Structure formats: C-alpha cells, structure tokens
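Undergrad: Predicted model follows, preceded by the sequence.
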Amino acid sequence: MTDSIFETFADYLEQSDYPKGKKKIMESAVELFASNGYNGISTLQIAKNAGLSQATLFKYFKTKEELLVAILHPVVPGLFVNFFDDLLTYHKTEEMIHFLVRDRMAFLEKNQALFKIILQELLSGQKIKEEEQFIWEMMQSKLAAVHNRLLEDPRVNPDLTPFQLIRISAGPLIAYFGQLCVVGKNDGIREEEFIILEKQILAGLWK
C-alpha cells in the first residue's frame with residue numbers, strides 16, 4: 001500500500017485490503033483524534049464510535065499508539081508520491097512555487113482531519129517522532145533535485161541548504177493550515193491568499 005497514490009485517507013482505506021472492522025476502527029480514530037486530540041480519547045471510545053467492541057480494536061491494534069502510527073504512516077507517501085516529479089516539470093522559480101502552493105494546499109484541504117492530528121502531535125507529543133526518519137529518507141534525493149533546480153536561478157540565495165528550503169517552503173503553508181484548523185474556515189482558500197503564500201515563500205528564497 002505504501003506505493004499507492006491516493007488523494008484522501010478515505011481513498012487509502014478504499015484501496016486497501018484491510019478487513020472491514022479494521023477500516024471502521026481507523027476511520028473512527030481519525031474522527032475522534034482530530035476533534036478531541038490523541039490524549040483526549042480512549043480505545044474504548046474509538047471502538048464504540050465505530051460500532052465495534054474494544055476487543056475487536058485490540059485484534060488489529062495492540063495499543064492506541066500503534067493505531068495512530070497506522071493512520072499517519074500512509075500520509076507520507078500521499079504527500080510525496082509524484083509530487084516532486086511533478087514539481088520538477090517546472091523550470092521557472094515562480095512557476096515551481098505556484099504549483100507547490102496550489103498542489104499542497106489542495107492536499108491539505110482534502111485531508112484536514114489527518115493533518116489536524118499531525119499538528120497536534122507536532123506541538124504536544126512524541127508519537128510521530130519515529131516517522132521523521134522515514135520522511136527524511138523518502139525526501140532526500142528528491143529534495144536535492146529540487147534544491148539544485150532552484151539554485152540554477154541566480155536570484156535564489158545560493159547559501160540556502162535543503163533543510164532551510166523545507167522551512168521556507170513548508171512554514172507558511174503549515175502556519176496557514178493551522179490557522180484554518182483554529183478558525184474552522186470551510187469556504188475554501190481565496191485567490192489572494194494563495195498569492196500571499198507564494199510571495200512569502202519567494203521572499204524567503206531570494207538573495
């Protein structure tokens with residue numbers, strides 16, 4: 001399943017060959033973790049919300065942490081499968097950033113519940129630390145290619161490292177998405193907000 005391309009977590013579950021009960025447990029956990037936080041929900045509540053017994057939950061997941069990791073792990077391939085290849089089809093820096101902002105914000109919007117969980121854990125927990133090495137290993141070669149492409153533009157600061165590139169590019173998107181989670185905005189992102197995000201990222205790239 002990690003090689004599959006999907007747009008939403010629901011797509012991931014639909015494509016999977018998991019038993020129906022396991023899918024219902026994972027769907028229930030996403031709903032409750034996003035609304036109440038990882039620490040605010042018990043395995044019993046997750047099972048009841050799924051219409052199943054706690055024993056059924058433990059049949060598939062030994063612990064609540066194992067359940068969380070099973071939910072988060074598919075997000076990483078969904079974030080990066082094909083994204084970097086698509087990004088590298090653009091040659092102008094402005095076009096690359098335009099694509100990055102539109103494509104990644106669309107993905108975040110489609111997976112708000114999942115990324116709300118990720119933001120909560122980044123701020124308050126250690127549960128996704130084991131995913132960090134997996135993310136970095138998956139990104140390194142692709143990120144190096146993007147880094148090299150951007151440095152072909154003489155306007156880009158040549159001293160930027162790949163890690164700084166991630167921070168400059170992802171920071172405004174994560175901050176804005178976090179704001180959406182707090183405010184609860186459901187009417188989509190306005191065009192002027194996309195433009196502001198693009199300008200913020202470009203300003204960080206220029207000399």
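TA: Cool, got the structure.

Undergrad: In three-state terms, how would the nearest residue to E193 once chain neighbours are set aside be classified?
TA: In space, E193 comes closest to Y176 once its chain neighbours are excluded; the distance is 7.3 Å by Cβ to Cβ, 6 or more residues apart in numbering. For the C-beta atoms, the positions are set from N, CA and C on the backbone; glycine is no exception. Following DSSP: H, G, I helix; E, B strand; the rest coil, Y176 is assigned to helix.

Undergrad: Do I have it right that Y176 meets E198?
TA: No: counting by Cβ atoms under 8 Å, Y176 sits too far from E198 to count as a contact (11.6 Å).

Undergrad: how near is the residue nearest to E193 to Q120?
TA: According to Cβ to Cβ, to the nearest Å, Y176 stands 17 Å off from Q120.

Undergrad: In contact with I46, which residues are there?
TA: Residues near I46 by Cβ atoms under 8 Å, 6 or more residues apart in numbering: I25, S28, A29, L32, L57, K64, L67.

Undergrad: closest to G51 among those?
TA: Minimum distance to G51 across the contacts of I46 is 8.4 Å, recorded for S28 (Cβ to Cβ).

Undergrad: Which residue, other than its chain neighbours, is closest to the closest one?
TA: Spatial nearest neighbour of S28, excluding adjacent residues (Cβ to Cβ, 6+ apart): A50 at 3.7 Å.

Undergrad: ditto for W206
TA: Computed as Cβ to Cβ, 6+ apart, the closest residue to W206 that is not its neighbour in sequence is R155, at 5.5 Å.

Undergrad: Lowest-scoring secondary structure element of the chain by mean pLDDT?
TA: helix 75-80 (a mean of 70; mean pLDDT, DSSP states H and E).

Undergrad: what's the next secondary structure element after that one?
TA: helix 83-87 (DSSP states H and E).

Undergrad: from the chain's centre, how far out does that next one sit?
TA: Distance of helix 83-87 from its chain centroid, counting by Cα atoms, centre = their mean, to the nearest Å, is 15 Å.

Undergrad: The following helix or strand past it packs against which elements?
TA: Proceeding N to C from helix 83-87, the next assigned helix or strand is helix 93-110, under DSSP H and E. Judged by 3 or more Cβ pairs under 8 Å, 6 or more residues apart in numbering; DSSP states H and E, the packing partners of helix 93-110 are helix 75-80, helix 83-87, helix 129-151, helix 162-183, helix 191-205.
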